[in-house]
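Student: Sequence plus predicted model, see below.
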Amino acid sequence: MTAAGVHELEPTDYRHMLIFLLLLTTAWARPLLTDRGYRWQEACTEALAYVPFESSNPRDISILGTRCHYQPALGSVLLCVHRNTIPEELDWSYRSLIENCEDKGYFLTQTDLFYAWMNASEFEDTAYELPTGPTSGPLVHRPVSVPNDTFATYYHVIDEAIYYTNFASYYSYGLGFFWAVVFFFGVVSNFIAKNAHNVTARFFAGKKTNMVRRHFFMSALGSLKHNVPLSIRRMGIMAVPTRAQFVVTFIYVFAEILYIFIGLAIAPRGLPLKDLQANWVKSIANRSGGMAVTQVPWIFLFAGRNNILMWMTGWGFDTFNVFHRWIARMCVLHSLIHTIAYAMSAHKYNFLEAGLHLPYFKWGIAATVCCVALCVQAFYYFRHWKYEVFLALHIVLALFFLIGVWIHIDMFHWCEYVYAAGAVWIFDRFMRLFRIWWSGVCVVGDFQIADEKQKIMRITIDYSRMWEVYPGAHLYLYVLNSKRVWENHPFTVYQSPQATRDGRLSLMVRAKEGKTKELYNSILDSKMNTVQYNCLVEGPYGNSHPVHKYDTCIIMAGGIGVTAAYAYAVSCLNQERVMGRQKIVFVWVLPTDEALQWFKPELDFLQQFGNVEVQLYFTSKKYRMENEMEKMVFDTPEKNVGSPPPVPKKDSVFVNIMPVSPFERELIPPRNSSLPKHPKLMRSSSRSNTSPAAFGQDQHFRTGSSDTLLNPAKGYFDSLPDRKSTILDYYTEESSPRVRTMDTIYGRRPDMNALLSKHFEECRGTCSVTICAAPAMNDDVRNAVTNNMDKCKGRVDYFEESFSW
């Protein structure tokens, strides 16, 4: 991890990018449908479509079936091909006809075709008039001829059909270019944000810039919420995208619908009127089918955890999930159009019954059914009702969909798209296994109940230490000692002060349903403070926002989201160049004050820095912690600290605990000074290896002189540690401050507009607002930022840590 807290580019990241580009190139490398002989033999077949040849197979009641095994039908096609095909294309016409018959289970050679043509030349019925529609006349037992003008008409029809089919390939190039442009802007903006912050702060700030960002990039669509789903009668329907996401998806959907119909010709001159509709329907079917196939690699890419585009753009899983769903919906639309249109065409040529017995026909229908089922069961309500059921069914249906598409399009030589999608899926699964190995394979986790009423567990996990924890990181946890071993859920990962010293990972998990509830109940049933389970850690995932680059950093959290907020606060404090220069506002909204017990070590650490302002909002009006507030806030020798401030009255809604000693601010170096780059990790003989205060037990801190703590001459910085030093190296239980500053408000939620307006007005430079909370609070903060960003003299950026399915 770099000094900025941004994940470094590992060698594996270059491999990810290389593999991704190879897969993308494979998807775009599908050759166009320009088989040189296809046009000639297919035009002859279409011209003979209504001739009622006798067939030994009762299901082969059309020329599509009889031309491969019934000599008069095959001879008629070959007579037409020989009379209308230029000599250099004749061999290709033979090859095309042989391939088509092989797809139907009939194996012919060029010698067979040559003798069939010779035989047909002797018994040709030149007087037979080709019917222009279905006929109930007598069956035909001799080869028939196709007039030149009739062939020319149908050749034009086939030529148009090939163009419509190839248009899907042209469209795939356009689709790739469209996403390339979108991701190019994402990559550039991500690079500038992390490496050229001064550029955006100087040239992309002000009211005009804010107006564009407010109306086109930051706000949710219309007056709706982004994180809170759109509901009808309390039933969630869908998550509303942001305006930027909407613009991208709108352009994409508009192009999808437009490309179905653009450039379609009604019919060539001379085509019978009754065939006009059939020709148009078949053209639509060809184009929509090809366009559906071109979407498949993108669907699988955007749904994966190991999507290299997340790392390149800095966009979260939420954004790619929006793209994934809309691309999938367009794929379903194209599949339905393709299936219905071809069913109409097959019915017109009396091929529907025969087609139902062909593998490619049946698997094409199966693929359509699977993709429709995937779309229906992915509705927001079903997805959140029973997520694990949704996920298992989604994977099974996706597998059958991919198999069905593969079998269906194999005869049309479009399998490159399926290969690309399958490769992306396999690569994602392989990288999951690789991340588990990278994290140490089977590791031990300590599971403890931190808050029984809120059902919160503290999990501390060993890991390989081959990667460093960074803000914004999350991992997927598999618990091997549970009934649902296969289930894994994303959890924000951070390091508490104790976990940092021990080199372990920290998780705070609220038990809901399923796996987390099972774990919580198992800990309760064990009647032990700590239960150990064997775990698999899949991670890390996620990107880090460059909040440390801003003059003022407002970090907000709701409930269990405090873990992500705390990681960002520590990341800011880890930056030596901003030590004492950056103002950090840490706002935490939570139901009760009991969290002050299980998150006490983390709050203690933050409160020792003078540039950190901690504000706690308790939505309940309970005062259980009032009598314990004095113990939590200070416990110092009487010779150094005066009398503690009085405990507030119960009718008070605002508690402001201020410093009582003028020298406490000396814990922060002066603005023009800097700490040594590699401070020695301080050890204390009286420090316990555990932190009982985090689990409901009181813990008093003893401190020495603040002058002793930061004086290099006293010998605390005389050697280098074995690992990278962080700001936590200055913190031990003995060196925790004697006095902390913390604002606590009971009985209400903060007014986000008023709160952010106040901080924006006080800000003298750039400002970042980071939020990790429940959906409603995320939306409130987003709206407050967009409404008040003009009040800040510098640039304001909004960062949201959320994970939505």
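Tutor: Received it, and whenever you're ready, just let me know what you need.
Student: what's the spacing between residue 279 and residue 341?
Tutor: When C-beta to C-beta, to the nearest Å is the yardstick, residue 279 and residue 341 sit 11 Å from each other. All C-beta atoms are positioned from the backbone trio N, CA, C, and that covers glycine.
Student: Is it correct that residue 507 falls within a strand?
Tutor: Yes. Counting by DSSP: H, G, I helix; E, B strand; the rest coil, residue 507 falls inside a strand.
Student: what's the neighbour count on it?
Tutor: A count of nearby residues for residue 507, using other C-beta atoms under 10 Å, gives 23.
Student: Leaving out sequence neighbours, find the closest residue to it.
Tutor: Here the nearest residue to residue 507 in space, its sequence neighbours aside, is residue 459; by C-beta to C-beta, 6 or more residues apart in numbering that works out to 4.1 Å.
Student: Which element is encountered next along the chain beyond the helix or strand in which that neighbour is found?
Tutor: Using DSSP states H and E, residue 459 sits in strand 456-461. On the C-terminal side of strand 456-461, the closest following helix or strand by DSSP H and E is strand 474-479.
Student: For that next one, name the packing helices and strands.
Tutor: Taking 3 or more C-beta pairs under 8 Å, 6 or more residues apart in numbering; DSSP states H and E as the contact definition, the neighbouring helices and strands of strand 474-479 are strand 489-492, strand 531-541.
Student: of all those strands, which lies closest to residue 321?
Tutor: Closest to residue 321 of the helices and strands packed on strand 474-479, according to C-beta to C-beta: strand 489-492, at 12.5 Å.
Student: contact partners of that closest one?
Tutor: Counting by C-beta atoms under 8 Å, 6 or more residues apart in numbering, the neighbours of strand 489-492 from elsewhere in the structure are 459, 473-477, 507-509, 515-516, 541, 561, 563-564, 567, 772, 801, 803.
Student: One more pass at 7 Å, please.
Tutor: 474-477, 507, 509, 515, 563-564, 803 (C-beta atoms under 7 Å, 6 or more residues apart in numbering).
Student: quick revisit: the strand holding residue 459 packs against which elements?
Tutor: Strand 456-461 makes packing contacts with strand 442-451, strand 505-510, helix 515-526 when contacts are defined by 3 or more C-beta pairs under 7 Å, 6 or more residues apart in numbering; DSSP states H and E.
Student: Show me the least confident stretch of those, going by mean pLDDT.
Tutor: Looking at the helices and strands packed on strand 456-461, the lowest mean pLDDT belongs to helix 515-526 (a mean of 89).
Student: returning to what we had before: let me have the helices and strands packed on strand 456-461 in JSON lines, adding distance to residue 614 as columns.
Tutor: As requested, the helices and strands packed on strand 456-461 are exported to JSON lines (distance: least, C-beta to C-beta, whole Å):
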{"stretch": "strand 442-451", "distance to residue 614": "19"}
{"stretch": "strand 505-510", "distance to residue 614": "17"}
{"stretch": "helix 515-526", "distance to residue 614": "28"}
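Student: just for the stretch 451-600 of the chain, where's the confidence low?
Tutor: Low-confidence segments of the stretch 451-600 of the chain, defined by pLDDT under 70, span residues 576-580.
Student: helix, strand or coil for residue 49?
Tutor: Of the three states, residue 49 takes coil according to three-state DSSP.
Student: Got phi/psi on it?
Tutor: In this entry, residue 49 is assigned phi and psi values of phi -60, psi -40 (degrees, to the nearest 10).
Student: I'd like the distance between it and residue 344.
Tutor: Counting by C-beta to C-beta, the separation of residue 49 from residue 344 is 15 Å.
Student: Pick out whichever of those two has more residues nearby.
Tutor: Ranked by neighbour count (other C-beta under 10 Å), residue 49 and residue 344 place residue 49 first, with 21 against 16.
Student: Could you tell me the per-residue confidence at that one?
Tutor: Among the per-residue scores, residue 49 shows a pLDDT of 79.
Student: give me the element residue 190 is part of.
Tutor: helix 148-195.
Student: any idea of the mean pLDDT in that helix?
Tutor: 83.
Student: Then stretch 402-414?
Tutor: Confidence over stretch 402-414 (mean pLDDT, whole number) is 87.
Student: Let's have the contacts of strand 489-492 in TSV, adding distance to residue 246.
Tutor: Output for the contacts of strand 489-492, formatted as TSV (distance: C-beta to C-beta, whole Å):
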residue	distance to residue 246
474	26
475	31
476	29
477	34
507	34
509	33
515	34
563	31
564	26
803	20
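Student: which one of these is nearest residue 85?
Tutor: residue 476 (59.4 Å).
Student: May I ask you to confirm that residue 592 is in contact with residue 620?
Tutor: Yes. Here residue 592 lies in contact with residue 620, judged by C-beta atoms under 7 Å, at a distance of 5.2 Å.
Student: so what's residue 408 closest to, chain neighbours aside?
Tutor: Excluding its sequence neighbours, the residue lying closest to residue 408 (C-beta to C-beta, 6+ apart) is residue 364, at 3.8 Å.
Student: Show me what the helix or strand in which that neighbour is found is packed against.
Tutor: Secondary-structure element containing residue 364, defined by DSSP H and E: helix 359-377. Packed against helix 359-377, as judged by 3+ C-beta pairs under 7 Å, 6+ apart, are the following elements: helix 317-348, helix 387-409.
Student: So for residue 417, what's the pLDDT?
Tutor: For residue 417, the model assigns a pLDDT of 90.
Student: swap in the one 10 residues further on?
Tutor: If you check residue 427, the pLDDT there is 95.
Student: Residue 784 and residue 752 touch, don't they?
Tutor: Yes. Between residue 784 and residue 752 there is a contact at 3.8 Å, judged by C-beta under 7 Å.
Student: Run through the stretch 1-150 of the chain and note the low-pLDDT ranges.
Tutor: In the predicted model, the stretch 1-150 of the chain carries pLDDT under 70 at residues 1-36, 55-65, 133-134.
Student: for residue 197, what are its contacts?
Tutor: Residues in contact with residue 197 (C-beta under 7 Å, 6+ apart) are 546, 549.
Student: how near is it to residue 794?
Tutor: The span separating residue 197 from residue 794 equals 11 Å under the rule C-beta to C-beta.
Student: With residue 541 instead?
Tutor: 31 Å.
Student: so how many other residues sit close to residue 279?
Tutor: As a burial measure, the neighbour count of residue 279 was computed by other C-beta under 10 Å and equals 23.
Student: Doesn't it belong to a helix?
Tutor: Yes. The assignment for residue 279, made by three-state DSSP, places it in a helix.
Student: That one and residue 156 touch, don't they?
Tutor: No. The pair residue 279 and residue 156 does not pass the contact test of C-beta under 7 Å, sitting 10.0 Å apart.
Student: circling back: ok, so of the contacts of strand 489-492, who is nearest residue 241?
Tutor: The nearest member of these to residue 241, counting by C-beta to C-beta, is residue 803 at 15.9 Å.
Student: tell me which residues form a beta bridge with residue 457?
Tutor: Note on residue 457: beta-bridge partners residue 449, residue 509, judged by DSSP bridges.
Student: wait, what's in contact with it?
Tutor: Under the criterion of C-beta under 7 Å, 6+ apart, the contact partners of residue 457 comprise 447-450, 509, 511, 519-520, 523.
Student: and it, how far is that from residue 194?
Tutor: Taking C-beta to C-beta as the criterion, residue 457 is separated from residue 194 by 34 Å.
Student: on that earlier part again, neighbour-wise, which of residue 592 and residue 620 wins?
Tutor: A count of neighbours by other C-beta under 10 Å puts residue 592 above the other of residue 592 and residue 620, at 17 against 14.
Student: Need the nearest residue in space to residue 301, chain neighbours excluded.
Tutor: Closest residue to residue 301 apart from its sequence neighbours, by C-beta to C-beta, 6+ apart: residue 424 at 5.1 Å.
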